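Student: Generate coordinates for the sequence data below:
(2 chains)
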Amino acid sequence: MVEVDDDELFAEFQRNPRRSVRNQIVERHLGLAVHIARRFSPSTIGDEDLQQVAMMALVKAVDRYDPTVGSAFSAFAGRTIEGEIKRHFRDKTWSVRVPRSAKELHLAVRRANDELTQRMGRSPSVPEVAEHLGISRDDVITGLSAAAARSIGSIDASTSEDDTAIDRREAMADIETGFAKTDDEQVVEGLLEMLPEREREIVRLRFYEDMSQADIAERCGISQMHVSRLLRRSFEQMRRTLDEG
Amino acid sequence: MSSAGELITLDLPLTARHASTVRVVAASLAADCGFNIDEIDDLRLGINEAVSIMTDIDAPPQARLVVEFEVRHATIAVAVRRSGVDGLGGAEPIDELARRILGVVVDMFEISDGSFLLWKSATPTTPTTQ
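Tutor: Numbering: from 1, shown residues only, chains lettered A, B, ... in the order given. The predicted model follows:
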């Protein structure tokens, strides 16, 4: 049987991300996971919990590794495993709880997006948010979509006053429903004029000058989350005005 | 749409209640394509507009909403169409506000042959350390 190297296995895994290929890669690097787990363990025989964390981190590393970036998998996996073990200690020691509910995830993802956008000067990717929060990619997607689940109602019915559910899509779903009936740009202009000055400016920048929330936040000197909140509030107000008019 | 990329098809009841399902799938595919959070949000908003427009009819119970995602490299093409709606099959003209919103959030959109089509690509970024 011909022995294949890591590069070939990763190429195969990228072409076809089958579990069996991933397991082959994981098995090749089990020793690394055990070695790092033992380094962090006070006992000579190692801590089973830590080894479990290290194994899971190794699997995560295989899923996340991008061979085109250039670093060797062992180096990347080592960093990932160490990061996960440190996070494990932090969570146990500091009682930092990974967000679990959809609402918690939504808030955590939005805040992470806000923080990372400021830090990196661009909107982060899903893997970057996942890494930052120590949650999975799927949890980030769930977090992004948590507000969308709420917006089902807002498309068809009244909007929530819960200020934590900040999502401009929700707001736009609201306003779209109302404006679809008018089909009159002048009505939009008129409603915009009724907004407070700052909100009017933010709405204009987003939809008339094609600026991202991050760019608007920078220009206005407020957080992206705040921009999102103001947009939502503005559109709710515009819709109410339209409905009551 | 062409069939050069990977195709993912959703077949749903023709109602706005299922817009969230379409958005979740769009977000997941976009994440795989390397879209950043803002781009995913924009795509979801564009999808929302398309689904809202296509579901804004009095549909019979058997009416379906068919959403096709074609994923190629860092680009997602989305086609939204109705089925099971005799005489109501085609997408209506896009109103001015929806046109404005879509113009902001997606790269391109059009109505063609009764389908609502939109395209969005991820912005290339310099990879950070792994």
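
Student: Any chance you could list what contacts stretch A:68-87?
Tutor: With CB atoms under 8 Å, 6 or more residues apart in numbering or on different chains as the test, stretch A:68-87 has contacts from A:6, A:10, A:25, A:29, A:32-33, A:36-37, A:40, A:50, A:53-54, A:56-58, A:60-62, A:64-65, A:67, A:131, A:134, B:127, B:129-130. All C-beta spots, glycine's among them, are computed from the backbone N, C-alpha and C.

Student: and if you look at stretch B:70-77?
Tutor: Contacts of stretch B:70-77 (CB under 8 Å, 6+ apart): B:1-8, B:26, B:29-30, B:32-35, B:43, B:69, B:78-79, B:117-122, B:124.

Student: so which of these are also by chain A?
Tutor: By CB under 8 Å from any CB of the partner chain, the members of the contacts of stretch B:70-77 lying near chain A are B:Gly34, B:Phe35.

Student: which residues of chain A score low on pLDDT?
Tutor: A:1-3, A:41-47, A:90-100, A:146-184, A:225, A:232, A:236, A:239-240, A:242-245 (pLDDT under 70).

Student: which residues in it form helices?
Tutor: A:6-15, A:19-28, A:30-40, A:48-64, A:73-94, A:102-120, A:126-133, A:137-156, A:168-179, A:185-193, A:197-207, A:213-220, A:224-244 (DSSP state H).

Student: could the ones you listed go into JSON lines alongside mean neighbour count and distance to B:Arg17?
Tutor: As requested, the helices of chain A are exported to JSON lines (neighbours: other CB atoms under 10 Å in any protein chain shown; distance: least, CB to CB, whole Å):
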{"stretch": "helix A:6-15", "mean neighbour count": "15", "distance to B:Arg17": "37"}
{"stretch": "helix A:19-28", "mean neighbour count": "14", "distance to B:Arg17": "34"}
{"stretch": "helix A:30-40", "mean neighbour count": "18", "distance to B:Arg17": "45"}
{"stretch": "helix A:48-64", "mean neighbour count": "19", "distance to B:Arg17": "33"}
{"stretch": "helix A:73-94", "mean neighbour count": "17", "distance to B:Arg17": "37"}
{"stretch": "helix A:102-120", "mean neighbour count": "19", "distance to B:Arg17": "17"}
{"stretch": "helix A:126-133", "mean neighbour count": "22", "distance to B:Arg17": "26"}
{"stretch": "helix A:137-156", "mean neighbour count": "22", "distance to B:Arg17": "5"}
{"stretch": "helix A:168-179", "mean neighbour count": "24", "distance to B:Arg17": "12"}
{"stretch": "helix A:185-193", "mean neighbour count": "15", "distance to B:Arg17": "27"}
{"stretch": "helix A:197-207", "mean neighbour count": "18", "distance to B:Arg17": "26"}
{"stretch": "helix A:213-220", "mean neighbour count": "19", "distance to B:Arg17": "27"}
{"stretch": "helix A:224-244", "mean neighbour count": "20", "distance to B:Arg17": "20"}
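
Student: Could you export the ones you listed to a markdown table, including columns for distance to B:Ala59?
Tutor: Shown next, in a markdown table, are the helices of chain A (distance: least, CB to CB, whole Å):
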| stretch | distance to B:Ala59 |
| --- | --- |
| helix A:6-15 | 41 |
| helix A:19-28 | 40 |
| helix A:30-40 | 54 |
| helix A:48-64 | 40 |
| helix A:73-94 | 48 |
| helix A:102-120 | 29 |
| helix A:126-133 | 34 |
| helix A:137-156 | 14 |
| helix A:168-179 | 16 |
| helix A:185-193 | 27 |
| helix A:197-207 | 29 |
| helix A:213-220 | 34 |
| helix A:224-244 | 24 |
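
Student: of all the ones you listed, which lies closest to B:Ala16?
Tutor: helix A:137-156 (4.9 Å; CB to CB).
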